Structures are given as C-alpha cells and as structure tokens.
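Just to be clear, the model below is a prediction. Sequence and coordinates:
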Amino acid sequence: MQKNSNLENVLRGVAITAIILFFMFPILWIFLMSFQTNETILRVPPSPFFEPTLTNYRSLISGKLEGSTATLEIAFMSNLYNSLFLSVTSVTVGLILGVPAAYAFARLKFRGSEDIAFTLLSFRFAPPLLVLLPLTIYFQQIGLADTYGGLIWVYQLIVLPLILWIVRGYFEDIPADIEYAYRIAGHSFWATFRKIALPLAGPGIAAAGLLAFIFAWNNFIFALVLASADKQPVTVGALAFITASGINYGQIAAGIMLSIAPTFALALYAQRYLVEGLSLGAVKG
Amino acid sequence: MATSTTGDPSRRKFTINKKYLPYLLSLPALLTCIGILIPFFTAVAYSLQRYRLSQPWAQKYNWGENYINFMTDPSFWNTLKVSMTYAFVTVGVELLLGLGIALLLQKRTRFNNFVSIMLLMPLMTAPALASLMWKLMTNPGFGVLSYFAETIGIEDMRWASDPSTAMLTVVIVDVWVYTPFIMILLLAGLRSLPRQPFEAAELDAVPRLFVFWRITLPMLTPFLLTATLFRVIESIQQFDIIYAMTQGGPGDTLTVFQVEAYLNFFQSTNVGRSAALLMILWAITYFLSNIFIKNWLRLREKARGGA
C-alpha cells in the first residue's frame, strides 16, 4: 500500500471527483431547479444561488397551476397514484404467482421444469413492443383496453421473471434436509412450505418484491402504449408535462423529483440485494 | 450420484401427490405467461401480412413480402445502422467507464461503499425521467449544459435537436443511467475474486499493469461477459430514453428498432412492417440472450457453489 505515490493519489482523487460530478450533478441540478421560479431558472448565467420556494411542489400537489393568464388543472397527483397502485398491485400479483412457482422450480425437479423456467426468463429479454402492439388490438376486443387489470397483467412481463429467478435462488439455498425433517415429523407439504420454506426465504422474497417494484415503477413503454390519460403512471405523465403549455420549468423539475424519490428510497433500503437482483442472481453482492 | 439415489425413495414416501404438485404450483405463473405468448404468435402472423390499421379490409397474408421489402428499403438499413451504433457506442463507453470506476472503488472502505451507493441513483431513475432531466439541462434557452458548452467555446449547441449531436446526447443519457449497472456488477465480481494470486504477485513485486492484464482481467472475464451481453440485449432495444428525448428525430437520426416500430404502428399505422421490424429485433436478441443465459448459468453456479 505504501507503493501509492502522491501523484497517483492525486489522480485517483481527481478521477473520483469527476465521476461523482458527472453522475450526481443532474440530480442535484434538477433538485435545485424544483425550488425555483421561472425567473431564477431563466437567468443567464445559471446560478445555484437563489431564494428557494415551495410553490412548485404546492401547485403540483394541489393540482392547480397558477399561470400568468389562467389557472391550469394538472393531474400529476393522479399520475403518482397510478404509479403507486400499478406497481403495488403488480408486485403483489407477481409474488402470489411467482413464489409458489419458484418453489416448484427449486425443490421439485419435474419434467420440463428447466425448459419452462428458461421460457419464462426469456420473456425478460424479448422486445416489449412485440407483445404490446398485438395486445392493443386484443385488449380492445376482450374489453381489457384501458383498464388497470390489463396493465397489471402486462406488468407481469417484467415482474414475474424477476421474482421467479431471484426467489428460486433463495429457495435453493435452503438445505432441503430441514424441510424433510419437518415432513417426517408428520406435517403436510403445505405446512412445510408455509412454516419452513417461506420464512427462511423471507428476506429474498422481500428483496425480489422491492426490486420488482422499482422496475414496475420505472416502466414507461407498457403504459405509453396501453394506458389512456387517466391511467397513466408518472413516467408517461411527466413526459406530457414538457409539451403542455403554461407549465413552469420548476414544476417539471418538482414533478421529476417527486417521481424518483420512491425508487431512491427503496434502493437505499434494499441496496444489499441490488446486485443480486439486477443480475438475476448471477452475481452475489 | 450415489447420494441422490439414496435420497429419492425417502422423498417419494411422503410426497403422495408429488406428480401433480409442481405443475399445480407453477400453473398460475405459466397461464399468465401463455397469455403473453398468444400476442407473440399474433405478431409473427402480422409480420407476414399486408396490414394497415387505416385499411383493415385489405388485411391479407403476403408471406415474406414485408421482409423482402426491407432489402431495398433505405429506412430499414438506417434503423439497423442506428440501433447497432447506439448499442455499440453505449455499451463500449459504459464498459470502459464502469470497469474504471469499479477498479477505483475496489477496496472496501467506508468512503468507497458510500460512493458506490451514491452512484446507484442514476440507475434507479426511470430512463424516461432521466431523459426529461437531461432535456431540462440541455434546453437552448436556459439549460445549464448549453451554458457550459458556450463557456468552453461551442456556440449554439443544440444537443438533441441537431442531427449531428442528437446521437451524442442520447448516448450521454444512456451512459449516465446504465454505467452504474456495469459498475456494481464488476465491483461485486472484483471483490469476489480469490486473494491468493494477488498476494503472490505482490510478494514477487510484479508490476501492477501486468497484474491487471494477466490476473485481474482474465479472472473478471465471466463478469465482463455477463454485463456486456446483458447491456447489449437491452441497449439494442432501447426505447424509453430515445423516445422521451426526441421521438426518434430529428428526421430519422435516431429511429432505432423499437422507436421505428412504434412510429410505424401508431403514426403510419403500418402494422405489417412494424411487426416485421420487431421480429428481426427479436431474432437478434434471441440469439444474444441464448449466449447470455448459458454464460449467466455458469456464473450463477459459481456464485452459489463458491460463496
């Protein structure tokens, strides 16, 4: 360690500073922008010093944007609610469907299990539009067009493979002997699953659920194609912002901050599982 | 082998309905996915049809015509070129940058861990929202980056709205969002490497550059390969960043596969061409994901066994 020369330490410091600057600056800048009015945002040269104001957040939350000429109604809070509702329900459905399946794939090697598991995994890598475009036509025919149910079903495309593959890994980590012992003591298969396997894989299931939530929250293309204005999550809703007239830039910035805050919080909370989840269990964190 | 044969009969004894149980447990998940397979086959059929939403009565099979037309269609070749360029440049830059950062943060210090957690934030930002953030920063009127460009002598930089810098702009956003992904994968890889070769090299005072090329890099290759394939598969399908930034424009500068297919479907209502484009994209990703899954399985085996 003493081999590190002074020059090298300086270079290292410069590199790390540059990296932090590049990756953190946009978040910081938009954060600052969200507390400004158009007057200070449009100043030349731009400056990080200004008198902060909460008006942007206040008008987003109340849904009324006070323009110079008229008051504009904006549905940002309902976008936020849609994001929350769609993500929570799709993850719940994903867990209900995925956890028993993951257990089956981990414990009971049955005929075709690997093939089925791979088919499920390959959904993760197929172009989403390939499925979405025909669905727009089908959904109209079967009455799922523009319903939460239809969206939640399509969201399984991202949620289910993630849950299945992460949770399967956690089940495989539990020594099967514990479960055998419990079975020999006279408990049913179902009781073993509920009382032994589920609690032991609990942290893994929670991590998979959190990650799936982040992916569902950040999804853009599904809702862009399938959801109408009143079902849109923030990712799609915020985009409409920038083209809408009469909206202040500070309000767009505030909208972005409110939309990314939940995933940031969850990521911080679940950071221990992020590596494993993002690589579908290929790399242990 | 011997252990598994002695284990089997005892297991069979107390799982009476063993035969149907796994199917029963995975059935709901399978049904959901079969529901997704149907539209996939529909897309295959569409790609073999002349089908325009504006002329539904003229819908009929023209078999390979959509695909044959691509051969002489300059806009298809443009799509292919733009998608390949995008995937190649983004993943290339992200790989180099991600590896560099991972090496810088390799040592487990409190500071390094803090930095690596901070760097996760861009990855947790929805790509569409990330585009929006960069759009606010590159606005010609008040964008802070436009101002920076001007101070270093680049007059009137128009970022995503200028054909000559549009690709650069979306690549920067992609690099901003996804470099942390490669970084954390490689960081986990680096930290999982066995220590002995490095200790031996240090004892022998082997030059560090030599250690990097001959020990670190070869041992890191499976991780590099996984990260690269993962990213190439995603990057060649990129939609969110490009659509949110420019909707494929200006002109056809950024009409990558999924953006072009989306525009074909919703703007020119040409379902047949849209589906054929997606089928070609699917073939590319299917080929890549097969290699990926094989490599990923090996790594997963090692992660489980070696931990």
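Thanks, I have it.

Poorly predicted segments of the stretch 51-200 of chain A, please.
A:66-72 (pLDDT under 70).

Start from the N-terminal end of it and give the helices.
A:55-62, A:76-107, A:113-123, A:128-142, A:148-173, A:176-184, A:189-192, A:198-200 (DSSP state H, counting those that start in this stretch).

Show me the longest helix that occurs in chain B.
Assignment by DSSP state H gives helix B:271-306 as the longest helix of chain B.

center of chain A - which residue?
A:I214 (1.7 Å; Cα atoms, centre = their mean).

and it, how far is that from chain B?
A:I214 is 6 Å from chain B, where distance means Cβ to the nearest Cβ, to the nearest Å. For every residue, glycine as well, the C-beta is placed using N, CA and C.

Check A:N219 too.
Using Cβ to the nearest Cβ, we find A:N219 at a distance of 8 Å from chain B.

same check, this time on A:P26
On the measure of Cβ to the nearest Cβ, A:P26 and chain B end up 5 Å apart.

Run the contact check for the longest helix of chain B versus chain A.
Yes: Helix B:271-306 is in contact with chain A by Cβ under 8 Å from any Cβ of the partner chain, via B:271, B:274-275, B:278-279, B:281-282, B:285-286, B:288-289, B:292-293, B:296, B:299-300, B:303-304.

Can you name the helix or strand that the most centrally placed residue in chain B falls in?
Residue closest to the average C-alpha location in chain B (Cα atoms, centre = their mean): B:E234, at 1.9 Å. B:E234 is part of helix B:217-235, with elements assigned from DSSP states H and E.

list the helices and strands that helix packs on?
Applying 3 or more Cβ pairs under 8 Å, 6 or more residues apart in numbering or on different chains; DSSP states H and E, we find helix B:217-235 packed against helix B:74-104, helix B:163-192, helix B:271-306.

Show me how far whichever helix or strand comes after it is from its chain's centre.
For helix B:217-235, the following helix or strand on the C-terminal side (DSSP H and E) is helix B:240-246. How far helix B:240-246 lies from its chain's middle: 15 Å, per Cα atoms, centre = their mean, to the nearest Å.

for helix B:240-246, which positions count as buried?
Of the residues in helix B:240-246, B:D240, B:I241, B:I242, B:Y243, B:A244, B:M245, B:T246 count as buried by neighbour count, 16 or more other Cβ atoms under 10 Å in any protein chain shown.

so what's B:T85 up against?
Contact analysis of B:T85 by Cβ atoms under 8 Å, 6 or more residues apart in numbering or on different chains lists B:M167.

check contacts around the residue nearest to the centre of chain A.
Counting by Cβ under 8 Å, 6+ apart, A:I214 touches A:T263, A:L266, A:A267, B:M124.

so which helix or strand takes in the first one?
Taking DSSP H and E as the criterion, A:T263 maps to helix A:249-269.

What is that helix packed up against?
helix A:6-33, helix A:38-41, helix A:55-62, helix A:76-107, helix A:202-218, helix A:234-243, helix B:120-124, helix B:127-137.

what comes up buried for that helix?
Residues A:249-260, A:262-264, A:266-267 are the ones in helix A:249-269 that count as buried (16+ other Cβ under 10 Å).

Show the subsequent helix or strand relative to it.
Following helix A:249-269 in sequence order, the next helix or strand is helix A:271-278 (DSSP H and E).

That following helix and chain B in contact?
Yes: using Cβ under 8 Å from any Cβ as the criterion, contacts between helix A:271-278 and chain B involve A:Q271, A:L274, A:V275, A:L278.

Out of the residues you listed, which comes closest to B:N113?
Lowest distance from B:N113 to the residues of helix A:271-278 next to chain B (Cβ to Cβ) belongs to A:Q271, with 9.4 Å.

one step back: what distance separates the helix holding B:E234 from the middle of the whole chain?
Worked out by Cα atoms, centre = their mean, helix B:217-235 lies 11 Å from the chain centre.

CA atoms only for it - export them in PDB, please.
What follows is helix B:217-235 as a C-alpha-only set of coordinates in PDB (Å, rounded to 0.1, in the frame of the first residue of the first chain):
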ATOM      1  CA  LEU B 217      -8.800  -9.100 -16.400                       C
ATOM      2  CA  PRO B 218      -8.800 -12.900 -17.200                       C
ATOM      3  CA  MET B 219     -10.500 -13.700 -13.800                       C
ATOM      4  CA  LEU B 220     -13.000 -10.900 -14.400                       C
ATOM      5  CA  THR B 221     -13.900 -12.100 -17.900                       C
ATOM      6  CA  PRO B 222     -17.100 -14.000 -17.000                       C
ATOM      7  CA  PHE B 223     -18.400 -11.000 -15.200                       C
ATOM      8  CA  LEU B 224     -17.500  -8.700 -18.100                       C
ATOM      9  CA  LEU B 225     -19.200 -11.000 -20.500                       C
ATOM     10  CA  THR B 226     -22.400 -11.200 -18.500                       C
ATOM     11  CA  ALA B 227     -22.500  -7.400 -18.000                       C
ATOM     12  CA  THR B 228     -21.800  -6.800 -21.700                       C
ATOM     13  CA  LEU B 229     -24.300  -9.200 -23.100                       C
ATOM     14  CA  PHE B 230     -27.000  -8.000 -20.600                       C
ATOM     15  CA  ARG B 231     -26.400  -4.500 -21.700                       C
ATOM     16  CA  VAL B 232     -26.200  -5.200 -25.400                       C
ATOM     17  CA  ILE B 233     -29.500  -7.000 -25.300                       C
ATOM     18  CA  GLU B 234     -31.100  -4.100 -23.600                       C
ATOM     19  CA  SER B 235     -29.400  -1.300 -25.400                       C
END
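
could you give the mean pLDDT of it?
What helix B:217-235 shows for mean pLDDT is 89.

Identify the residue spatially nearest to A:L211, adjacent ones excluded.
Closest residue to A:L211 apart from its sequence neighbours, by Cβ to Cβ, 6 or more residues apart in numbering or on different chains: A:G277 at 3.9 Å.

before we move on, what about B:V89?
Residue nearest to B:V89 in three dimensions, not counting chain neighbours: B:V171, with 5.4 Å by Cβ to Cβ, 6+ apart.

and that neighbour, what does it touch?
B:Y86, B:V89, B:T90, B:V93.

Of these, which qualify as buried by neighbour count?
Among the contacts of B:V171, those classed as buried by 16+ other Cβ under 10 Å are B:Y86, B:V89, B:T90, B:V93.

ok, so of these, who is nearest chain A?
B:V93 (11.8 Å; Cβ to the nearest Cβ).

which stretches of chain B have low pLDDT?
B:1-19, B:303-307.

so can I have a markdown table of the contacts of B:V171 showing distance to B:W176?
Below are those laid out as a markdown table (distance: Cβ to Cβ, whole Å):
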| residue | distance to B:W176 |
| --- | --- |
| B:Y86 | 15 |
| B:V89 | 14 |
| B:T90 | 10 |
| B:V93 | 11 |
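
re the thing from before, tell me who's in contact with the residue nearest to the centre of chain B.
B:Y178 are the contacts of B:E234 under Cβ under 8 Å, 6+ apart.

Can you tell me how far it is from B:L288?
Computed with Cβ to Cβ, to the nearest Å, the distance linking B:E234 and B:L288 is 10 Å.

What is the nearest of the residues of helix A:271-278 next to chain B to chain B?
Among these, A:V275 lies closest to chain B (Cβ to the nearest Cβ), at 4.7 Å.

That closest one reaches B:A188, doesn't it?
Yes: counting by Cβ atoms under 8 Å, A:V275 sits close enough to B:A188 to count as a contact (4.7 Å).

wait, what's in contact with residue 211?
Just going to use chain A. Residues near A:L211 by Cβ under 8 Å, 6+ apart: A:L162, A:I166, A:A270, A:Y273, A:L274, A:G277, A:L278.

That was the other one, I meant chain B.
B:F198, B:A201.

Leaving out sequence neighbours, find the closest residue to A:F125.
B:S289 (4.0 Å).

Just say which of the helices and strands packed on helix B:217-235 is most tucked in.
Most buried of the helices and strands packed on helix B:217-235, by mean neighbour count (mean count of other Cβ atoms under 10 Å in any protein chain shown): helix B:163-192, with a mean of 22.
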